[in-house]
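Asker: no letters, just coordinates:
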């Protein structure tokens, strides 16, 4: 781990040696992430470490995660997303393109308006507000935002707060709509038996993606390089990437630590001051997506629960689990097609949209 002293506000941890600061962070991470896992809260292995790191940074710690570890974590997150692009879901885009177009453009437009207002009213600065409001895979949005000049820490604050709100709301509505108590998500086998050949291919793909991202000078080079490499191997070669839970859990933890340790007391005060307005913007976007789901039900006859889960603004992995648990009442392919289409659109169009909206807002 990096032991170079960093600028930090004074606090109880400032006087401790780096090994003891790391011990504090690891212990707090185990406690918070463990509680979240037991409570089946969303993104526990990312949000738990991030909250632990925020507390550690606010208490005066000056430790930082090495850039090489953060680069590797980004690459594996990109690999996971690229490897999840299934041909059947992509093929379905052509069959339901009018619905996809409406759902994607309407949700992105609504989130951009909210980002504009948050920026215009000086609640959060410029592109930070726009990326923080963007609907899509939260971790991907945070990694992309940092590469385009936004404050990744505040983007993470907005994105993961929305993940919690959306996931809790979607789970509650699904539970009211259909009894999912007997079909909970299966327990995770953290250390499954590895297919050595597939794992070697996965590691080689990650390395190739990271090198390509750097050589091509992509924004967020490790994340996008991993995503493109994962998609190429999975879609082009039909290879199923071997990404065991322990590996992805470690990657999420490193991303959470990297973001959280950059918080200091001043930035934390900024985030807490913005909390009421951010919550209002999250609830407003959820209400808009609920109205959009109702419109899809009325105009196209899509069942309400499927429409609601498909248009939920974020928490794609959590929404997928909830939809799978209610599979008899939900068209899972439709839900994932809409969620994936919106994610890909934001991934491609997010940078120019954020810059444009920030200019309009005077950011």
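Answerer: Right, received. Where do you want to start? Fair warning: this is a prediction, and the values are worked out from it, not measured in the lab. Residues are numbered from 1 along each chain as shown.
Asker: which helix runs longest in this structure?
Answerer: Counting by DSSP state H, the longest helix found in the chain is helix 265-300.
Asker: just checking, next helix/strand downstream of that helix?
Answerer: helix 304-311 (DSSP states H and E).
Asker: run the chain-centre distance for that following helix.
Answerer: 20 Å (C-alpha atoms, centre = their mean, to the nearest Å).
Asker: residue boundaries of the helices in the stretch 101-250 of the chain?
Answerer: Counting by DSSP state H, counting those that start in this stretch, one finds helices in the stretch 101-250 of the chain at the ranges 126-133, 138-147, 152-177, 196-215, 221-231, 237, 245-260.
Asker: the closest residue to residue 121 other than its chain neighbours: what's it in contact with?
Answerer: Of all residues not flanking residue 121 in the chain, residue 277 sits nearest, at 7.4 Å (C-beta to C-beta, 6 or more residues apart in numbering). Every C-beta, even on glycine, is put in place using the N, C-alpha and C of the backbone. Going by C-beta atoms under 8 Å, 6 or more residues apart in numbering, residue 277 touches 118, 121, 123.
Asker: what pLDDT does residue 277 get?
Answerer: On the pLDDT scale, residue 277 is placed at 91.
Asker: could you do residue 322 as well?
Answerer: With respect to pLDDT, residue 322 scores 67.
Asker: try residue 3
Answerer: Per-residue pLDDT puts residue 3 at 37.
Asker: phi, psi for residue 64 please.
Answerer: phi -140, psi 150 (degrees, to the nearest 10).
Asker: so it is in contact with residue 261, correct?
Answerer: Yes: here residue 64 reaches residue 261: they are 5.9 Å apart, a contact under C-beta atoms under 8 Å.
Asker: so for those two, which sits in the more crowded spot?
Answerer: Taking other C-beta atoms under 10 Å, residue 64 and residue 261 do not tie; residue 261 has more neighbours (25 against 20).
Asker: list the contacts for that one?
Answerer: Taking C-beta under 8 Å, 6+ apart, we find residue 261 in contact with 25, 53, 56-57, 61, 63-65.
Asker: what's the ChimeraX syntax to select whichever of those residues are buried?
Answerer: In ChimeraX, a selection of the buried entries from the contacts of residue 261 looks like this (16 or more other C-beta atoms under 10 Å):
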select :25,53,56,57,61,63,64,65
